[in-house]
Each structure stands twice: as C-alpha cells, then as structure tokens.
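S.K.: my questions concern the predicted model and sequence given below.
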Amino acid sequence: MIELIVYGIVLGSIIALGAIGLTMVYRIVGFANFAHGEFMTAGAYIALFFVSILLPWMGFPDSRFVPLSFGWRMVVAFPFTMAAVALIAILLDKILYKKLRAKKSGAVILAMSSLGASFIIRMTILIIWGSDYIFYRPGLMRPALHLPLGIKIRPDQIFIFCAAIFLVILLHLFLKRTKMGKAMRATADNTDLALVTGIDTERIISWTWAIGGGLAAAGGVLYGIDVQLHPGMGWNFLIPIFAATILGSIGNIYGALIGGFVIGIAQQVSTAFLAPTYKLAVAFIIMIIILLVRPQGIFGKE
Amino acid sequence: MEFSGILSYIVSLAIMAGIYAIFCLGLNIQWGYTGLFNIGIAGFFCIGAYTSAMITTPMPSGIYAQYVHQIFGLNLPFIFGLLGAAIVCGIIALLIGIPTLRLGEDYLAIATLGIAETIRLIFNNEQWLANGPRGLMDMPQPFHNLVSPQNYNYIYLVITIIAMVIIYLAIEKAIRSPWGRVLRAIREDEGSASMSGKDIFNFKMQSLIFGSMVMGIGGALYAHYTKAISPSVFTPLYGTFIIWVMLMAGGSGNNKGAILGAYVIWGIWVGTKFVTDFLPYTLQSRAPYIRFLIIGILLEIILLYRPQGLMGEEKRISKLID
Amino acid sequence: MTILKVENVSAGYVTESNILHNLSLELNEGEIVSVIGPNGAGKSTLLKTIFGLLKPREGRILLKNEDISGLKPFKIAQKGVSYVPQVNNVFPSLTIQENLEMGAFIRDDDYTDTMEEVYALFPVLKERRNHKAGQLSGGQRQMVAMGRALMLKPQVLLLDEPSAGLAPIFVASIFDKIKEINTTGVSMIIVEQNAKEALKMSHRGYVLAMGQNVLDDKSDALLANEEVGRLYLGG
C-alpha cells in the first residue's frame, strides 16, 4: 500500500503539472481546454525528437546520469521542449481561439474547438510517429531503490517528483515576484478591472498559454521518462487533470497542485481493489462526487 | 468497376450516413434545441448497440458459451432490439442527467466525456458483460431471408431510412409543440426563461433522455448492420467527434441540417479514403490519421467561418409565433 | 482650459438601444464635476463610455482636443485617464501593495514616489500593505480602489459612486480625500447617488435623466435651485 501511495504521489505530480496549466487557462482565458492533455503528449514527443534525432544529428553525445535513465540530451531537450509547446499553445490561440473570442463565441464553442484541436494535435503526432509505444531509452533495466519504511521507488520517479516541485516553485516565484506574474494574478482575479487598470489582457492570455503549455509539456516528458510514450497518453490524462482542477477550484494553482496529488494517490490506491484500466474511471468518479458535493472545489467560495 | 458494384457501394455509404444522421438528430435535440454540450455520444452509441445485440441474440450455450460471454440474451426480434436500445439509453440518460444537468455547460461536457470513456472501459474489461474486447457478433438482420445476401443492403437501407424519417417527423412535431418552444427559450437564455430551476432541470432532462433514446436507436441500427461490435468501435473519434462535426457542418438547430451534415461529412470522410489511396505505400499506415486530421481541420474551419453550418438554424419554428 | 469634452454622445450596450442620448459634458482643468440624477439615468454608462469600455455610437470624446472616442481602455489609461468602477474595483487576492503596483502597470518610470504619496493620502493602507484586498472593509477597499487609480498619476480621474455602500462616517472622509486629491491638480468627474454631498464638494454639476442632459450649472447654483432640490436632492 505504501508503494501505491508513493507512486501515486509521483503520478500526482505529473497530473498536477497538467492541472495547473489547465486551471490557469480556465480562469484567465475562460473556457475548458480539452486540448490540454495533448500538450502533454506533444511535449513527450517533441522531447523524443530532440533526444533521438536533433541532438544526435548535432553531434551531442549520449550520456546517462546513472541511476537515472537519462542524461545530458534530455536535460538540454527539456527546456527547449517546454518552450516549443509553449509556442504551439500561443500559436493555437492566435490562429483559433483568439478569432473565436473576437466573434464573441461562447465558452462552449471554444471548448468544442479545443476538442477539435486535441484531435488535430493527436493525429499529427500519429502521422509523424505512428501508433506504437515508444521508450526514450528502450531496453533499459530500471530497478527500484529500496528505501526505509518499505518504500520502493525508482530513481527516475524521485527525479520526477522533484522536477515537478521545482517547476511549481518557479511558477510561484514568477507569480509573486514579477510584474507579469502579478498582472496574471490580477487578471485571474478580476478581468474587467485588469482591463481598466490598463493591463493588456491579450498579452496576459498569451503568457497563460505559454505557461500552461510549457508545464503540460513537462508533465508529458516526465511521464514518458517514467513509463513510455504513446499517442493516446495525453487523452488518458485529460479526465484526471480536469478532476484535479475542479477539486482544487478553478483558477487556484495551489488547489490544482493538491488536486493532482489527491487524484494521483486515489488512482494508484484504487489498483489494490480494481483493475488498473479503471484508474481513469476512479478519477472521473471523484470528479463527479466533487461536482455533486462541493462544485466550487476545496478553495472556492459558496 | 461494374455498375452494380458501384451501386451497392453507394448503398452501404447511404446506410452508414443514415445511421449517423440519426445520431445527429439525437444530438440536435440536446445541443441544437436545448444547448446541452454532450460529448459522450459514444457512450450511448455503445449501449444502444450492445443492448440491441443482447436482446436479439440468444444466450450462448454449449461449447459456444466458453468463448462468448454476455450478461443476457433474449433472442427477440429486431424491433425489440431497437426499442430496448432506446429504453435502456433513456434510463442511462436519466441516471447521468441527475448529477450533471445542474452543472454548467462545460461541466456537463466533461462529465459526459468521462461517462463515455468509463462505459467503454467497462465493456472492454468485464468479460461477463458482453464478451469484453472481442465483442459480440451475428446480430440478426430483419427480412434477410427475402433476398440474397449480396442484395440485403438494399433492404437495410430502406429500414434505416424509415427509421430516420420516423425519428425526423417525431422530432419536428415535438419541436413545434409548446414543449419545444420552452426548450429553445432555455437555450437562448436560461436566466430569462422565467421558470423555476426545477422546471428548467426537468426540461433539460427530457431533452437529454429524448436525444439519448434516438442515439440508442442509431447504435442498434449500427449493430445490426455491421453484425459485429466491440468496444474499440465506440471511440471518441468515431462515436462522438465525427457526429459533432456532422451536426455543426449541417447546421445545429435544424433537423434537415442534421441529416444533410451527416451525409456530407460521411461523404467527405469516404472521399478522403480515395485521396489517401494515392499515398505512397510507406504512408498507407498513416492514412486513417490523415483522414481524421482533415475532419478535425474541417471542424475548425466551420467554427471559424460558418458556425451556423450549411443550413443554419431553422428560422420559422412555429407558425404561431414567428 | 477644457481638459475633457464629451460632445453629443449616444451609446448603449445592446444594439439598437441607446442608454445615452446626445449627451454633452465639459471638464475644465483642476475642476471637480459631479454628475447626478436618478437611477438609470446613465451616469455610470457615461463614465464607461469616456473610458472606452463602451464605444460611442454618435458624437465624440475629446481629451485635450485629442479624439479618444472608442479607444481601448488601456490606451485611454496611457493617456492619463484613470477610472474607479463602482463595484469589483479591487483585486481581492492581491495585497494592497500589489493592487497599487497594478495601478502603475503601464508606467515605465519609477513610481515609488507616487506610491508614497498614495500611502500618505491613505495611511491606513500603509499599515496593512501586505493584507489581501479582499479581506478589507468596504471603506478601506474603496481607498485601495482610488489609490490604485492614482498610481497612474492621472490628469483625469473618473469616480463611479465612491460613497456607495459606505457607512456615513466614511462617506465624509472619502469626500474629504477626494477634495485633497483634487488639490494636487487632478481633474475629476464624480458620479454620485448622494447628490447633495457630491454637489457640495464639486465646482460644477450636471444633472442627467434618461440618458440626457437636464441641467448643468455651478454646484452652488444647483444646490440653491429649488426644483433640483425637490427632484434630485431629496427635498
């Protein structure tokens, strides 16, 4: 059981990375982004491109930080991947959502178009990479560490948790200390007043997409490091990240973080009683329960 | 290709498009007329198909029972399959609606998505329910002893069209009734529909149930047409997304548009097959993804440049008011 | 000199339906102008139109002879106009300090002096600078809202019902603050339900009804006017 909880925390940190971005987009841009899971998939595959094609082509040597499963190539690829997906998110907004916003399309139309965008992204990935399951480093033995208290965890997984926490801390500092970060919080608080204050809300929206996309991409890469890559991975995260977002109250980043851990742990613990394929259903049931009992989430107001 | 080959190909297209048209009609009730954002159509598709399958096939017996498991098998005629599918879907819609209809539009969407995925997971995982991933086969086809097998599709096309027309007329009648006017008032502006929350909830529920029953019939017709169903058929792409594209393309809020959209988009879908047939051999495995990419882009183009679809919303709903 | 001029402006929220009809108003440099009238007279709508939240369908708005009609709010803010809405006028989850910083968002220069001035004007806020704005009382929130607007160092300040929802003791102090702000050279337009108090501290006043000009004059004259008194000042 301890193992399940521990892995649930690892999984939860990946879910949290997706949920944080989703909750920001939901609050600031104003709709449910069904393509958010695909940002995770895109991140994983773009990192794959860096690590297995671009960096080797550039002559970047292979390496491995034993006992982790990756080396310098992944470390270099990571930030560039986040930036690439951030860019994709911003472009997607400019090409699609911004135009729909200009036409005063409702939140439902925006959500519908994001559903379309999710399929477009996933199909593109399928076209380029096919439907096989891929590993960043195939054939690698990745034994678990045996820690006290009966905790078994792989070194990669410790890294994933730390990386997620690190990114969240970075985000926190950005939001609390920088001008743009404060402006984002202000816009999330009261969009009308932000306009009145002279904040350029379109720029804020672009920043929101960039951060949301970047964090989701990080989540995808981390998942790929831990498990594997397959084109449906992001879609499978969609319900868990929505559940985490709703649990943590829409617009609340720390809520999304906590929500991520709760959902992750719940999903893993459920495998003690249910078949693992039902993990998604577990996230979904939790979400429905929250919507029934306390739809505003942990931190929302009545 | 000889003429009869082309003709039978067109007939099979018309049947599939007709089945999808029924789904579009069902979705139109929920979305076009009531504004419910249901992205779990695949769930009703699945349940309608499986319910009809199990109503119309016998319980596996003898050696057969070791390979095929299903939770029930009533071996009743086709029409009971259709009705059963509709009723079961209606009940499921009721159960889904109770927790989710009070929520905002996007919450309803996520909830319906989750339910559809969960339904598919259950059907895939629980062998005892409906044979798990292998699915069910040999659903009976009505009147199949009237003609030779290669000509059967003509009969099925007639059956499909009859079902479609009956459903179309039923919906048209309902929409022009006072009930239909209330639905549209709710869609326009819930706040000013000046009814109590409980009444709005009831109307939405009725719309959800009605639409789902129609979708159940669509699922049943699909099962009896293809004679083989499995959970992998009822994916978000084939079972939900494409129907949305069809309805948006044809014109939401317009029943003729729903039917037109189904035929047009199905035609385009099939047409993309001809395009991808020209791809070099190495890309052939990517063909379905390319085709779906085209459909996805098509939806975005529709939403950006012609959100009202080909036919737009029906202008004159009631001769009394408009 | 006229610093702001509203020329025959008509505007509305819904198509084909105007709230303001052919409205005109002038603000001179250094003045406080109050806008009074019954509910639904279009007073708030007037401020929103000046600030670009609503586009005039007819007429125009001039800031020092520059046509600013229909410009986006952040552009109008850049030209030195600040607006304090009636409700939802602070960022509740941001601290007082951060609210003020947001007020200076579009400024490129060093705004520490301005912040000190605002804190000097509202000492209570300085004590509580790290409290979240949403946790403050109504009166304090109003101060934050005005302080935020002042961080811009505006030439023109638009206030929408600054005394709304405030306990009577605070009303007087808010109006005192407004007069104090005016002495630093900020021209103001104040929309007020509390017509008597508004006229008492303004130089000139405009009476609106049904989105149209009814009367305008020096505030003293309006206060002395019996009909105005009966209709709009509660006898």
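M.R.: Good, I have the coordinates. Numbers count the residues shown, from 1 in each chain, chains lettered A, B, ... in the order given.
S.K.: C-alpha only now, for contacts and for neighbours.
M.R.: Will do.
S.K.: didn't residue C:92 look like it was pressed against residue C:137?
M.R.: No: the pair residue C:92 and residue C:137 does not pass the contact test of Cα atoms under 8 Å, sitting 11.6 Å apart.
S.K.: the more surrounded of those two?
M.R.: Between residue C:92 and residue C:137, counting by other Cα atoms under 10 Å in any protein chain shown, residue C:92 is the more crowded of the two (19 against 11).
S.K.: what sits against that one?
M.R.: A:189, C:132-135 (Cα atoms under 8 Å, 6 or more residues apart in numbering or on different chains).
S.K.: rerun at 6 Å
M.R.: Residue C:92 sits next to C:133-134 when contact means Cα atoms under 6 Å, 6 or more residues apart in numbering or on different chains.
S.K.: surely it is in a strand?
M.R.: No: assigned with DSSP: H, G, I helix; E, B strand; the rest coil, residue C:92 falls outside any strand and is coil.
S.K.: what does the pLDDT read for it?
M.R.: Taken from the predicted model, the pLDDT recorded for residue C:92 is 91.
S.K.: relative to residue C:135, how far out is it?
M.R.: According to Cα to Cα, to the nearest Å, residue C:92 stands 7 Å off from residue C:135.
S.K.: which residue does chain C have closest to chain B?
M.R.: Relative to chain B, the nearest point of chain C is residue C:14 (15.1 Å; Cα to the nearest Cα).
S.K.: surely that residue is within a helix?
M.R.: No: according to three-state DSSP, residue C:14 belongs to no helix; its state is coil.
S.K.: gap between it and residue C:57?
M.R.: The separation that residue C:14 has from residue C:57, given Cα to Cα, amounts to 11 Å.
S.K.: of those two, which one has the most company?
M.R.: The neighbour count for residue C:14 versus residue C:57, taken as other Cα under 10 Å, is higher for residue C:57 (16 against 8).
S.K.: how about the contacts made by the more buried one?
M.R.: Going by Cα under 6 Å, 6+ apart, residue C:57 touches C:10-11.
S.K.: can you pull out the strands in chain A?
M.R.: Read by DSSP state E, chain A holds these strands, from start to end of the chain: A:145-147, A:151-153.
S.K.: pick the most deeply packed of those strands.
M.R.: Comparing these by mean neighbour count (mean count of other Cα atoms under 10 Å in any protein chain shown), strand A:151-153 ranks first with a mean of 17.
S.K.: the residue nearest to residue B:203 when sequence neighbours are not counted: which element?
M.R.: By the measure of Cα to Cα, 6 or more residues apart in numbering or on different chains, the closest residue to residue B:203 outside its immediate chain neighbours is residue B:183, 6.7 Å from it. With elements delineated by DSSP states H and E, residue B:183 resides in helix B:178-188, which encompasses its position.
S.K.: which parts of that helix are buried?
M.R.: If you call a residue buried by 16 or more other Cα atoms under 10 Å in any protein chain shown, then helix B:178-188 has these buried ones: B:180-187.
S.K.: which other helices and strands contact that helix?
M.R.: Using 3 or more Cα pairs under 6 Å, 6 or more residues apart in numbering or on different chains; DSSP states H and E as the contact criterion, no secondary-structure element is in contact with helix B:178-188.
S.K.: kindly recompute the last result at 8 Å.
M.R.: Helix B:178-188 sits against helix B:197-226, with contacts defined as 3 or more Cα pairs under 8 Å, 6 or more residues apart in numbering or on different chains; DSSP states H and E.
S.K.: if you count neighbours, what's buried in the helix it packs on?
M.R.: B:200-201, B:203-225.
S.K.: my guess is residue A:240 contacts residue A:280. True?
M.R.: Yes: with contact taken as Cα under 8 Å, residue A:240 and residue A:280 are classed as touching, separated by 6.8 Å.
S.K.: so where is the chain shaky, pLDDT-wise?
M.R.: The chain I'm using is chain A. When the per-residue scores of chain A are filtered using pLDDT under 70, the ranges that remain are A:302.
S.K.: you looked at the wrong chain, it should be chain B
M.R.: When the per-residue scores of chain B are filtered using pLDDT under 70, the ranges that remain are B:1, B:64, B:66-67, B:189-198, B:315-322.
S.K.: need the strands for it, in chain order.
M.R.: Counting by DSSP E, the segments of chain B that form strands are B:136-137, B:228-229.
S.K.: of the ones you listed, which is nearest chain C?
M.R.: Using Cα to the nearest Cα and comparing those, the one that lies nearest chain C is strand B:228-229, at 52.1 Å.
S.K.: packing partners of that closest one?
M.R.: Checked by 3+ Cα pairs under 8 Å, 6+ apart, strand B:228-229 has strand B:136-137 packed alongside it.
S.K.: residue 107: how many residues sit nearby?
M.R.: Picking chain A for this. Using other Cα under 10 Å as the criterion, residue A:107 is surrounded by 19 other residues.
S.K.: um, chain B though
M.R.: Neighbours of residue B:107 under the rule other Cα under 10 Å: 21.
S.K.: backbone phi and psi for the closest residue to residue A:117 other than its chain neighbours, please?
M.R.: Distances taken as Cα to Cα, 6+ apart put residue A:35 closest to residue A:117, at 6.0 Å, once the chain neighbours are dropped. Recorded main-chain torsions at residue A:35 are phi -90, psi 0, according to degrees, to the nearest 10.
S.K.: need the contact list for residue A:35.
M.R.: By Cα under 8 Å, 6+ apart, the contact list for residue A:35 reads A:114-119.
S.K.: find the nearest non-adjacent residue to residue 205, please.
M.R.: No chain specified, so I'll use chain A. The shortest distance from residue A:205 to any residue that is not its chain neighbour, by Cα to Cα, 6+ apart, is 6.2 Å, and that residue is residue A:29.
S.K.: my bad, the chain I had in mind was chain C
M.R.: residue C:34 (4.6 Å).
S.K.: what is the strand or helix carrying that neighbour packed up against?
M.R.: Assigned by DSSP H and E, residue C:34 belongs to strand C:32-36. Other helices and strands packing on strand C:32-36, by 3+ Cα pairs under 8 Å, 6+ apart, are strand C:187-191, helix C:195-201, strand C:204-209.
S.K.: my guess is residue C:100 meets residue C:115, correct?
M.R.: Yes: in this structure residue C:100 lies within contact range of residue C:115 using Cα under 8 Å: 7.4 Å.
S.K.: who has more neighbours, those two?
M.R.: A side-by-side neighbour count of residue C:100 and residue C:115, using other Cα under 10 Å, places residue C:100 first with 27 against 23.
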